[in-house]
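Novice: got a structure for you, letters missing:
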């Protein structure tokens, strides 16, 4: 009898904790979904707004579904209306950004790989200080270099040009790319390099035969990081270029702010998506590498 | 000659990076510092003028508003990002279904530029057609949400958009931190009868101190430098009510042509960042050396 009673209460207890657990579980999912909606909401609004006509926008709400797949505002955002002067659209600026991103990512990644290689495999006296010297470049607020940079680009004759922006992004990317490669190469056993040196392999041979073949992950991380940073940059773009040489973020901002005609929110949203889509695609395809870069080099902001 | 080249090749390869950073970072910061002590207007002048620009800066109402805004923004941005980030990280750590999908959703704003974010939120927050209209159409006739055009409240719209962009990132940092803790510690605590809440509150979160520190440094850094988001969302308005130091700096330099004054404001930003970063670098290096 006694025994029996004991076991029922235990069962009841277990039953109870099962219910609390289930309740907690539901609560957990509820909160997670609430936050997911908060994060998804702007993207959803951007997409549906870009598919509506202005008439629909005025009549419906933010969330209302578009009447159809109306791609006109996308066409206008990308290629304009074709009435000549004053007709701003993103296509030329999109190409400016591509022309700026590709060389800048390439040069900064290459230089970072080289410096990371030297700092870990060809150590010299004081190399720690050199690393610190470079690392500090990750943190400076760029406002402190804007004025002299503007003058330097003027003196070099490359202000307001894609070439100028390539130079700027290459230089200020070096601290980050160096950090990435240095932290990656430091975990590669130095014995490998020493053995190769005894076998008579030189500086470049060791790099290309031993380190480069195992560098794929860190190259991906670095390229994604640099691509995202440079594509999304606005400060340098808006300070050192205007008019035709502007990169896409600057053009987007100008389009949205231009107060010449009636506000067309659908075109604004289509433009914003166009400006955001390349980095978004990279994020979806290579999220793992994106996050890795973010957590190891995220000092920039 | 050849042997010398071979011996010094590593240093020669290092030279461009060191030279570029030396010139474009250190040289330029020193130049800005020097100019901040001169009376430069449109063009830089090189006679020293003492602390005049700094006196002018701290007497300027616009700069004081910018600093105020920075403090408000930094405090709220930090609190919300860290709280939301931790909640999401802990919840995601409970063997959740579709974790990968949820993580992707929480973090995707980090892949977007602040200009894109600002454009989207500007549209959502605009009173005539945005959230306010949505609620009024739903029957809440008196619903008002016009922070974007309200001098007192506009700064908080920047917080909303900023948190939206960066909270997922704090989540990623904490999730990585939680996952790096050995399972045995949690198991042992559970065997001792600790509830899940106690495990997190008393054991895991205190272990996350370095992650707190990193998030703090990164978020403060983002907020001191915040520029794009304000340009896209409010352009510092209504009036000058959402000006922040970075915006003040570029406006003073490139619209008002007060080069000396803007250099002074840039140096103030530089010092603020240094005050946060130098202790951080120091502790990171010590940790690395201790390993």
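Specialist: Good, I have the coordinates. Here the structure is a predicted model, which is why all the values come from computation and not from measurement.

Novice: in which helix or strand would I find the residue lying closest to residue B:176 once chain neighbours are set aside?
Specialist: Of all residues not flanking residue B:176 in the chain, residue A:295 sits nearest, at 6.0 Å (C-beta to C-beta, 6 or more residues apart in numbering or on different chains). The C-beta positions use only the backbone N, C-alpha and C, and glycine is treated the same way. Using DSSP states H and E, residue A:295 maps to helix A:287-297.

Novice: Quick check: which helices or strands does that helix pack against?
Specialist: helix A:162-185, helix A:216-232, helix B:99-107, helix B:154-179 (3 or more C-beta pairs under 8 Å, 6 or more residues apart in numbering or on different chains; DSSP states H and E).

Novice: And residue B:170, how close does it get to residue A:179?
Specialist: Look at residue B:170 and residue A:179: by C-beta to C-beta, to the nearest Å, they are 20 Å apart.

Novice: More neighbours: which of those two?
Specialist: Higher neighbour count among residue B:170 and residue A:179: residue B:170, with 28 against 22, using other C-beta atoms under 10 Å in any protein chain shown.

Novice: Tally up the residues packed near the residue of the stretch 151-291 of chain B found nearest chain A, please.
Specialist: Nearest residue of the stretch 151-291 of chain B to chain A (C-beta to the nearest C-beta) works out as residue B:222 at 3.5 Å. By other C-beta under 10 Å, 23 other residues sit near residue B:222.

Novice: ok, it to residue B:271 distance?
Specialist: Separation of residue B:222 from residue B:271 (C-beta to C-beta): 17 Å.

Novice: do the same with residue A:248
Specialist: 33 Å.

Novice: ok, now residue A:130?
Specialist: Residue A:130 sits 24 Å away from residue B:271, taking C-beta to C-beta as the criterion.

Novice: same deal with residue B:23?
Specialist: Residue B:23 is 22 Å from residue B:271, by C-beta to C-beta.

Novice: which stretches of the stretch 51-200 of chain A aren't confidently modelled?
Specialist: With pLDDT under 70 as the threshold, the stretch 51-200 of chain A has low-confidence stretches at A:84-86.

Novice: Let me fix that, I meant to ask about the stretch 1-150 of chain B.
Specialist: For the stretch 1-150 of chain B, the stretches with pLDDT under 70 are B:1.

Novice: With adjacent residues omitted, what lies nearest to residue A:173?
Specialist: Leaving aside its sequence neighbours, residue A:173 sits nearest to residue A:108 (C-beta to C-beta, 6+ apart; 3.4 Å).

Novice: scratch that, residue B:148
Specialist: Using C-beta to C-beta, 6+ apart and skipping the chain neighbours, the partner closest in space to residue B:148 is residue B:125 (4.4 Å).

Novice: That neighbour against residue B:131, yeah?
Specialist: Yes: counting by C-beta atoms under 8 Å, residue B:131 is a contact partner of residue B:125 at 6.5 Å.

Novice: Return every residue with contacts to both of the two.
Specialist: Residues within reach of residue B:125 and of residue B:131 at once, by C-beta atoms under 8 Å, 6 or more residues apart in numbering or on different chains, are residue B:145.

Novice: before we move on, which element is residue A:57 in?
Specialist: Per DSSP H and E, residue A:57 falls inside helix A:54-59.

Novice: Report the distance from that helix to the chain centre.
Specialist: Once both centres are worked out by C-alpha atoms, centre = their mean, to the nearest Å, helix A:54-59 turns out to sit 33 Å from its chain's centre.

Novice: Which of the three states applies to the closest residue to residue A:139 other than its chain neighbours?
Specialist: Leaving aside its sequence neighbours, residue A:139 sits nearest to residue B:277 (C-beta to C-beta, 6+ apart; 4.5 Å). Three-state assignment for residue B:277 (DSSP: H, G, I helix; E, B strand; the rest coil): helix.

Novice: can you pull the contacts of the residue nearest the centre of chain A?
Specialist: Against the mean C-alpha coordinate of chain A, by C-alpha atoms, centre = their mean, the closest residue is residue A:228 at 2.7 Å. Going by C-beta under 8 Å, 6+ apart, residue A:228 touches A:279, A:282, A:283, A:290, A:293, B:111.

Novice: Recalculate using a threshold of 10 Å.
Specialist: A:101, A:105, A:278-280, A:282-283, A:290, A:293-294, B:110-113 (C-beta atoms under 10 Å, 6 or more residues apart in numbering or on different chains).

Novice: Can you give me the neighbour number for the closest residue to residue A:62 other than its chain neighbours?
Specialist: Once flanking residues are discounted, residue A:62 sits nearest to residue B:134: 4.8 Å by C-beta to C-beta, 6+ apart. Per other C-beta under 10 Å, the neighbour tally for residue B:134 reads 19.

Novice: host element of residue B:134?
Specialist: Going by DSSP H and E, residue B:134 is in helix B:131-137.

Novice: which residues touch that helix?
Specialist: For helix B:131-137, using C-beta under 10 Å, 6+ apart, the contacting residues are A:41, A:45, A:58-64, B:124-127, B:140-148.

Novice: quick one on the thing from earlier: so which of the helices and strands packed on helix A:287-297 comes closest to residue B:46?
Specialist: helix A:162-185 (24.6 Å; C-beta to C-beta).

Novice: Of all the residues in the closest one, which ones are buried?
Specialist: Neighbour-count burial for helix A:162-185 flags A:162-182, A:184-185 (criterion: 16 or more other C-beta atoms under 10 Å in any protein chain shown).

Novice: try stretch A:63-70
Specialist: Residues residue A:66 are the ones in stretch A:63-70 that count as buried (16+ other C-beta under 10 Å).
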